[in-house]
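> A structural model of the following input is requested.
(one chain, ligands or ions: 1)
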Amino acid sequence: MACWCNPGWRSALALTVSLSVAVSSSAFAHSSALTPTPARGAVLVATPTELKIPFDGPMRVITTTLTRANGESFDVAAQAGRSASETLVVVPPALPDGRYTLEWRGLSEDGHTMTGELSFRVDAD
Ligand SMILES: [Cu+2]
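Just a heads-up that it's a prediction; the model follows:
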């Protein structure tokens with residue numbers, strides 16, 4: 001979870017981008033992501049019907065990107081809400097087995113850019 005209004009966080013961001021999942025529960029005082037569905041790191045036996053990321057305040061999600069570990073990307077941008085919402089819902093296409101990361105970027109209610117990600121695995125076999 002990144003909020004650009006915290007100078008200390010801003011300077012540390014470059015070092016911690018890859019650890020955004022680990023720090024997502026840190027106590028930054030802005031709209032932040034709550035427990036997603038599926039859970040982070042979940043292993044699913046089928047494509048999830050939807051990916052849900054609730055927030056503790058209004059978030060206007062601007063971009064969503066779903067990528068497979070092999071670099072393949074899936075078009076889910078149209079699922080990003082244009083107005084502020086307290087839940088991001090992404091309906092993925094049928095996903096072959098693999099590890100996936102959903103990355104999102106949005107504007108918190110205070111106007112600051114927030115980012116986050118949700119990783120999971122699909123293993124139908
Ligand atoms: Cu902020």
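> count the residues that sit near D75.
D75 has 11 neighbours, counted by other Cβ atoms under 10 Å. Every residue, glycine included, has its C-beta placed from N, CA and C.
> again but with L102, I slipped
Neighbours around L102, by other Cβ under 10 Å: 21.
> in the sheet, which residues pair with it? Tell me.
Here L102 sits in beta bridges with L66, L118, as judged by DSSP bridges.
> quickly find the element holding S83.
Following DSSP states H and E, there is no helix or strand that holds S83.
> gap between it and the ion?
Going from S83 to the ion by Cβ to the ion, to the nearest Å gives 19 Å.
> how about the contacts made by that residue?
Residues counted as contacts of S83 (Cβ atoms under 8 Å, 6 or more residues apart in numbering) are R60.
> equivalent analysis for P36, please.
By Cβ under 8 Å, 6+ apart, the contact list for P36 reads L51, K52, I53, P54, L118.
> just to be sure, the second one is in a strand?
Yes: assignment of K52 by DSSP: H, G, I helix; E, B strand; the rest coil places it within a strand.
> please name the nearest non-neighbouring residue to it.
Leaving aside its chain neighbours, K52 sits nearest to T37 (4.4 Å; criterion: Cβ to Cβ, 6 or more residues apart in numbering).
> over to the first one?
Closest residue in space to L51, ignoring its immediate chain neighbours: V90 at 4.3 Å, by Cβ to Cβ, 6+ apart.
> in the helix or strand G116 falls within, what's buried?
Take DSSP H and E as the rule and G116 turns out to sit in strand 113-122. Residues M114, T115, G116, E117, L118, S119, F120, V122 are the ones in strand 113-122 that count as buried (16 or more other Cβ atoms under 10 Å).
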